[in-house]
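In: Structure, please.
(chains A and B)
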There are 2 protein chains.
Amino acid sequence: MSGVAESLLARASLSRLFEPSDSVGLALVSVVGPVDALRIIGGGIAAGSAVRRLLRDALDIPDSPRDPLKDGVSRWGPRLHDLAPERDLATLERLGGRLVTPDSEDWPEALDDLRLAAPLCLWVRGRKEIPALARTAAVVGSRDSTAYGGSVTAGIASGLAARGYSVVSGGAYGIDAQAHRAALASSHDEASPPTIAFLACGVDRYYPAGNEELLRTVAERGLLISEVPPGSSPTRWRFLQRNRLIAGVSAVTVVVEARWRSGALNTAHHAAALGRAVGAVPGSVHSANSAGCHRLLRDGSAVCVTDAADVVELAGGLGTEPWGDLEREGATPAREHDGLGIPDLLLLDGLPVHASTTVDKLSSVAGLSARDVISGLARLELAGLAVRAAGGWRRQKP
Amino acid sequence: MSGVAESLLARASLSRLFEPSDSVGLALVSVVGPVDALRIIGGGIAAGSAVRRLLRDALDIPDSPRDPLKDGVSRWGPRLHDLAPERDLATLERLGGRLVTPDSEDWPEALDDLRLAAPLCLWVRGRKEIPALARTAAVVGSRDSTAYGGSVTAGIASGLAARGYSVVSGGAYGIDAQAHRAALASSHDEASPPTIAFLACGVDRYYPAGNEELLRTVAERGLLISEVPPGSSPTRWRFLQRNRLIAGVSAVTVVVEARWRSGALNTAHHAAALGRAVGAVPGSVHSANSAGCHRLLRDGSAVCVTDAADVVELAGGLGTEPWGDLEREGATPAREHDGLGIPDLLLLDGLPVHASTTVDKLSSVAGLSARDVISGLARLELAGLAVRAAGGWRRQKP
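Out: Prediction:
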């Protein structure tokens, strides 16, 4: 067996032994590599005092009297007899998937920012490659979303997909599901970026059951990803840890709707901790489903985003959308007095609409010298805003 | 005539000669005082080269070849023949008002932050004193507000009034009017802080006409304030300048609803320029009336506020409302797993609800050592989350 193949098998095994973010286990892998880590845990080789010291250094507890490895082995040991990495990989292959490891071409290097909490490997279902960080945006939010949250999610996710961004989310009801649906609806060809669902369970399971059809479609046309092997159940801990992966692979994380306490806020905090951009969609102050978003906006953890263009700008992709703000400005008609200097503005306000007036009166009404009134009237006349009438001037209605 | 009385009359006169924020006129007053400024403009005394030099210094154009005073006099001259300060003051007195100047007890010193754009005087209708900066909050927004904006304004303004804050706004339809109405409805006695309407016209006029009854009530129970004398018309320039006064006297300025381009944003920018706190109320991303608020939130000019407690906190009054956030937290029920450590959380997730399981199985499922499972089960049992059953353990539904 080649070194790469052996390492891949070891990572597959360790991903079953370790719960996500098991820092001792991941530190052991960082010190001795996955193959020897597995041998040490299985008792095939012994970890000497040098390895134990390096492990304590990696965990930043150099002087601890604790033996983290001993605690770890007692934690991982009970699962050793469940190991069947070849079977797991065969299951994955049958589902049209593959194991992506740090040795893979499309390993998301952005996950390395998680350092000791980086996943060992990703169990991936789907044919497309995992896109690079610059082209990914997480769209997350409440399971019990409102019609408002659903419609905003659809607008943002389809706008992102249309602009070539992969939409990243979980697999839950509500915002997650809506984000995938909209992204799929806007992805019409092979070149479209994949919508990506990170699961807290194995990628052979569809959880929640009501999203089975959607998740099947994501597996076919996008990517289903998990760090736990096939057959694993979704647990609260895995859900929480799954959030760090969503934040980690995405250039920006947008929370569309979230209650004051919500898992989506956890994803946002992971993103902020990684230095990724975080956006929050505003909503009614009367909606409990927007309270979490407003909390993020209020404490400065998130930037206010209202559409896909805002999200793309936040992801650092402004350069690709130079027309974004112009479009919006253009939606507001220019006003007749745009571009006038202060004296001409004062003069325009002083001009009567229904009668005519004299330069002297205008001078007093507008608070301008006679000279400024005369030159200003000439400018307003040119602009079609003033007109000569009955021995004086009046306003020309635009 | 006493110096103070003479100075007051001069300010009354100059407030008719100068348009608001006429920097040359205001600089002249800062150099020679209001009495001599009026004499110079009227031709009673001549401004020597020293005064002209000080004036250019005050305007920060020391080397300009321009003579700002000459330009100014040609601008102010046409209004000299309209001056009748005693008549204006008599009008004000008849309306139950008084002229507040920098010599007055309740001159809002916060306005001095406007420096050369500080008003000469305030034409005030109403019996109450102008409150200090720490107890004032501006609530502003669109004229064409929505039902949403109206209800949020009512909640914020009445909450502010109930907490002893003066609500400051303009006199327009929409948000302004709603803010005053709600503040008045929450002010039941003489000690209640006055609601304050800053007008762009003289305080003898009710503009817009549809708000006459409301503005009359504000004059009776709160304060109507303008920097232009009785009889002055509202002009676009005066509306824009009036906004700086609203921002200037208020510890915090809150924009409840505003379009992408809106006068309320102008008030917010004045507040930000003065270093005052600015809040914006979020709303639907589909509402054009919230686009301006979202713009402020997005560019970081404003903090997200959703109720009066948020506004008070932003005004720096957090200390008086220690229960604010607790109340909100309390609205969310605690969860059964709050306070559990990670191992116990893993264990709880591993406990079946309908059957019982063994320590060995739990050890493998949860990824914990047998020792940790045993001690964790004891803690979960104490917390009422785990129960012994049929030779093993199962989850106790809360």
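In: Can you identify each of the strands in chain A by residue range?
Out: Counting by DSSP state E, chain A has these strands, from start to end: A:97-100, A:122-125, A:136-140, A:166-169, A:196-198, A:223-226, A:252-255, A:277-280, A:303-304, A:386-389, A:392-395.
In: With mean neighbour count as extra columns, can I get the ones you listed in a markdown table?
Out: (Each C-beta comes from the backbone N, C-alpha and C, glycine too.) Formatted as a markdown table, the entries for the strands of chain A read as follows, by neighbours: other C-beta atoms under 10 Å in any protein chain shown:
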| stretch | mean neighbour count |
| --- | --- |
| strand A:97-100 | 21 |
| strand A:122-125 | 26 |
| strand A:136-140 | 31 |
| strand A:166-169 | 31 |
| strand A:196-198 | 28 |
| strand A:223-226 | 27 |
| strand A:252-255 | 32 |
| strand A:277-280 | 27 |
| strand A:303-304 | 24 |
| strand A:386-389 | 16 |
| strand A:392-395 | 20 |
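In: May I have the phi/psi pair for the residue in the stretch 151-300 of chain A positioned nearest to chain B?
Out: Closest contact between the stretch 151-300 of chain A and chain B, by C-beta to the nearest C-beta, is at A:P282 (3.1 Å). When read as degrees, to the nearest 10, the backbone of A:P282 gives phi -80, psi 160.
In: Count residues in the vicinity of the closest residue to it other than its chain neighbours, would you?
Out: Nearest-residue entry for A:P282: B:P282, 3.1 Å, with adjacent residues in sequence omitted and distances by C-beta to C-beta, 6 or more residues apart in numbering or on different chains. Around B:P282 there are 27 other residues, counting by other C-beta atoms under 10 Å in any protein chain shown.
In: likewise A:A355?
Out: Residue crowding around A:A355 was assessed by other C-beta under 10 Å; the count is 11.
In: go on, A:V249?
Out: Counted with other C-beta under 10 Å, the burial measure for A:V249 works out to 25 neighbours.
In: Quick check: the residue of the stretch 151-300 of chain A closest to chain B touching A:A291?
Out: No: no contact is recorded between A:P282 and A:A291 when judged using C-beta atoms under 8 Å, the distance being 11.2 Å.
In: quick one: stretch A:120-134 to chain centroid distance?
Out: Computed by C-alpha atoms, centre = their mean, to the nearest Å, the chain-centroid distance of stretch A:120-134 equals 16 Å.
In: and it, does that touch chain B?
Out: No: applying C-beta under 8 Å from any C-beta of the partner chain, one finds stretch A:120-134 out of contact with chain B, separated by at least 13.7 Å.
In: circling back to that earlier point, mind putting the strands of chain A in CSV, mean pLDDT included?
Out: Below are the strands of chain A laid out as CSV (pLDDT from 0 to 100):
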stretch, mean pLDDT
strand A:97-100, 96
strand A:122-125, 98
strand A:136-140, 97
strand A:166-169, 98
strand A:196-198, 98
strand A:223-226, 98
strand A:252-255, 98
strand A:277-280, 97
strand A:303-304, 96
strand A:386-389, 87
strand A:392-395, 90
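In: Of those, which is nearest B:G300?
Out: With C-beta to C-beta as the criterion, B:G300 lies closest to strand A:303-304 of the strands of chain A, at 8.0 Å.
In: Which elements pack onto the closest one?
Out: Judged by 3 or more C-beta pairs under 8 Å, 6 or more residues apart in numbering or on different chains; DSSP states H and E, the packing partners of strand A:303-304 are strand A:277-280, helix B:291-298.
In: Name the strands paired with the shortest one and say parallel or antiparallel.
Out: Based on DSSP bridges, the pairing partners of strand A:277-280 within the sheet are strand A:252-255 (parallel), strand A:303-304 (parallel).
In: can you list the residues of the stretch 201-350 of chain A near chain B?
Out: Proximity of the stretch 201-350 of chain A to chain B (C-beta under 8 Å from any C-beta) is limited to residues A:235-237, A:259-261, A:281-286, A:290-291, A:293-294, A:297-298, A:303-307, A:310, A:328-329, A:331-332, A:337, A:342, A:345-346, A:348-350.
In: List only buried entries from these.
Out: When these are checked for burial by 16 or more other C-beta atoms under 10 Å in any protein chain shown, the buried set is A:235, A:237, A:259-261, A:281-285, A:290-291, A:293-294, A:297-298, A:303-307, A:310, A:328, A:345-346, A:348-350.
In: in the stretch 251-398 of chain A, what spans have low per-residue confidence?
Out: In the predicted model of the stretch 251-398 of chain A, residues A:317-338, A:398 satisfy pLDDT under 70.
In: same check, this time on the stretch 51-200 of chain A
Out: Counting by pLDDT under 70, the stretch 51-200 of chain A shows no low-confidence range.
In: which bits of it sit near chain B?
Out: Counting by C-beta under 8 Å from any C-beta, the residues of the stretch 51-200 of chain A near chain B are A:71, A:74-79, A:82, A:148, A:151-152.
In: mind listing which of those residues are in helices?
Out: When these are checked against helices using DSSP state H, the ones located there are A:71, A:74-76, A:148, A:151-152.
In: residues near the closest residue to A:N243 other than its chain neighbours, how many?
Out: Excluding the flanking residues, the one nearest A:N243 by C-beta to C-beta, 6+ apart is A:T267, at 4.1 Å. Neighbourhood size, A:T267 [other C-beta under 10 Å]: 31.
In: got it, and A:A90?
Out: 12.
In: Check A:A50 too.
Out: Neighbours of A:A50 under the rule other C-beta under 10 Å: 9.
In: distance of it from A:R66?
Out: Taken as C-beta to C-beta, to the nearest Å, the spacing of A:A50 relative to A:R66 amounts to 17 Å.
In: same question, A:P193
Out: Taking C-beta to C-beta as the measure, A:P193 and A:R66 are separated by 45 Å.
In: how close does the residue of the stretch 1-150 of chain A found nearest chain B get to B:S369?
Out: Ranking the residues of the stretch 1-150 of chain A by distance to chain B (C-beta to the nearest C-beta) places A:S74 first, at 3.4 Å. Remark: distance between A:S74 and B:S369 (C-beta to C-beta) = 3 Å.
In: Please say which of the two ends up with more neighbours.
Out: It is B:S369, of A:S74 and B:S369, that has more neighbours when counted by other C-beta under 10 Å, with 20 against 15.
In: buried set for the longest helix along chain A?
Out: With DSSP H applied, the helix covering the greatest number of residues in chain A is identified as helix A:23-42. Judged by neighbour count using 16+ other C-beta under 10 Å, the buried positions of helix A:23-42 are A:23-41.
In: and the most centrally placed residue in chain A, what does it touch?
Out: If you average the C-alpha coordinates of chain A and look for the closest C-alpha using C-alpha atoms, centre = their mean, you land on A:T253, 2.1 Å from that point. With contacts defined as C-beta atoms under 8 Å, 6 or more residues apart in numbering or on different chains, A:T253 is in contact with A:137-138, A:140, A:246-247, A:267-268, A:270-271, A:276-279.
In: same check, this time on A:Y173
Out: With contact set as C-beta under 8 Å, 6+ apart, A:Y173 has these partners: A:143-144, A:208, A:210-211.
In: Buried ones among the residues you listed?
Out: Buried residues within the contacts of A:Y173, defined by neighbour count using 16+ other C-beta under 10 Å: A:143, A:211.
In: And the furthest pair within the contacts of A:Y173?
Out: Of all pairs drawn from the contacts of A:Y173, the greatest distance, 14.3 Å, lies between A:D144 and A:N211 (C-beta to C-beta).
In: What sits closest to A:G155 if chain neighbours are left out?
Out: A:D307 (6.2 Å).
In: My guess is the one you found contacts A:I156. True?
Out: Yes: applying C-beta under 8 Å, one finds A:D307 in contact with A:I156, separated by 6.4 Å.
In: Show me how chain A divides into domains.
Out: What automatic domain parsing lists as the domains of chain A is A:1-83, A:122-330, A:342-395.
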